[in-house]
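Q: could you look at this predicted model? Sequence included:
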Amino acid sequence: MTDTGLVMRGVTLRFGDGDDTVQALDGVDLTVAPGQFVAVVGPSGAGKSSLLAVAGGLTVPTSGSVTLAGQDMTVPSARARAALRRESVGFVFQSGNLIPALTAVDQIRLPARFGGLGSRARDAVALLGEVGMAQKANRRPHQLSGGERQRVGIARALVNRPRLLLVDEPTAALDRTRSHEVVELLARETKENDVATVMVTHDHDVLRHCTTVYEMIDGRLMPVP
Ligand SMILES: Nc1ncnc2c1ncn2[C@@H]1O[C@H](COP(=O)(O)OP(=O)(O)OP(=O)(O)O)[C@@H](O)[C@H]1O
């Protein structure tokens, strides 16, 4: 099947009903080709996290279509969507979301083992090398800086060779220099792994590392020229 990356068409997401309805996504169209690094900015409550949740098959939209490499990410079965996520999606969270008791290398090995990735799983030591963390493979999260934790989180998100990388506020806990380093790393990994990447950020300073920038306002997505 041709890898068309992420394609979202006419996606709406509504919460609640009657007077309490919230339209989190309102007719969103978005295409992210493999190797493209898209940033989404916008005010709090605009729908950015909802966009990531729907793109990654965590949430089923109220209407519209979402495909990743031609596969439907909106199937009703939660189990089927979990399988799609395991095979094709990587998530990077605000502060790395690492497990406190595990060393850096085990943060990456664990999901590979329990996710049943088998031979698809990338080698954890090689991945740590790729993100510049080979020397700190045996450290636990509390022995790492914020930027280093984020690098481990990025390596972990790549272990399943994802087609789609979804990144939520990766620089929220970092200073300016570290923010640039982390987003540069994301840009490089996007290209080298030919993955379609969507990053939500409040940090306008890092947008120059991205291929395309969109702004989300009241659930609507608009390109920023
Ligand atoms: N499970 C839910 N039930 C009801 N409303 C929800 C739910 N999740 C999100 N919303 C609402 O949907 C809208 C979009 O929320 P979302 O979290 O996607 O915004 P956001 O742009 O990511 O905000 P932030 O920048 O503050 O994280 C908000 O009005 C929010 O209150």
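A: Alright, I've got the coordinates.

Q: so which residues on the chain come close to the ligand?
A: 15, 16, 22, 24, 42, 44, 45, 46, 47, 48, 49, 50 (CB under 6 Å from any ligand atom). All C-beta spots, glycine's among them, are computed from the backbone N, C-alpha and C.

Q: only the buried subset of those, as a PyMOL command please.
A: Buried residues within the residues of the chain next to the ligand, by 16 or more other CB atoms under 10 Å, are selected in PyMOL with:
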select buried, resi 24+42+46+47+48+49+50
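
Q: now, the most widely separated pair of the residues of the chain next to the ligand?
A: Across the residues of the chain next to the ligand, no pair lies farther apart than 16 and 42, at 21.0 Å, counting by CB to CB.

Q: which residue lies nearest the spatial centre of this protein?
A: residue 166 (1.1 Å; CA atoms, centre = their mean).

Q: in what helix or strand does that one lie?
A: strand 164-168 (DSSP states H and E).

Q: lowest-confidence one in the residues of the chain next to the ligand?
A: Minimum pLDDT across the residues of the chain next to the ligand is recorded for residue 16, with 86.

Q: ok, longest helix in this protein?
A: The single longest helix within the chain, with elements called by DSSP state H, is helix 176-192.

Q: what helices and strands are in contact with that one?
A: Other helices and strands packing on helix 176-192, by 3 or more CB pairs under 8 Å, 6 or more residues apart in numbering; DSSP states H and E, are strand 37-41, helix 146-157, strand 164-168, strand 196-200.

Q: okay, the ones you listed, which one's buried deepest?
A: strand 196-200 (a mean of 26; mean count of other CB atoms under 10 Å).

Q: residue 54 and residue 25 touch, don't they?
A: Yes. Contact criterion CB atoms under 8 Å: residue 54 and residue 25 qualify, at 6.5 Å.

Q: those two - which one has more neighbours?
A: Comparing residue 54 with residue 25 by other CB atoms under 10 Å, the one with more neighbours is residue 25, at 28 against 25.

Q: helix, strand, or coil at the spatially closest residue to residue 34 that is not a sequence neighbour?
A: Spatial nearest neighbour of residue 34, chain neighbours left out: residue 194 (4.5 Å); criterion: CB to CB, 6 or more residues apart in numbering. At residue 194 the chain is in coil, as set by DSSP: H, G, I helix; E, B strand; the rest coil.

Q: same check, this time on residue 106
A: What three-state DSSP gives for residue 106 is helix.

Q: could you check how far residue 162 is from residue 34?
A: 11 Å (CB to CB, to the nearest Å).

Q: more crowded one of these two?
A: residue 162 (22 against 18).

Q: what residues are up against the more buried one?
A: By CB atoms under 8 Å, 6 or more residues apart in numbering, residue 162 lies in contact with 88, 89, 90, 193, 195.

Q: list phi and psi for it.
A: For residue 162, the backbone dihedrals are phi -70, psi 150 (criterion: degrees, to the nearest 10).

Q: just checking, what packs against the least confident helix or strand in the chain by mean pLDDT?
A: In the chain, the helix or strand scored least confidently by mean pLDDT, DSSP states H and E is helix 104-114, which has a mean of 84. Using 3+ CB pairs under 8 Å, 6+ apart as the contact test, the elements touching helix 104-114 are helix 124-130, helix 146-157.

Q: picking up where we left off before, what's the separation between the residue nearest to the centre of the chain and the ligand?
A: 12 Å (CB to the nearest ligand atom, to the nearest Å).
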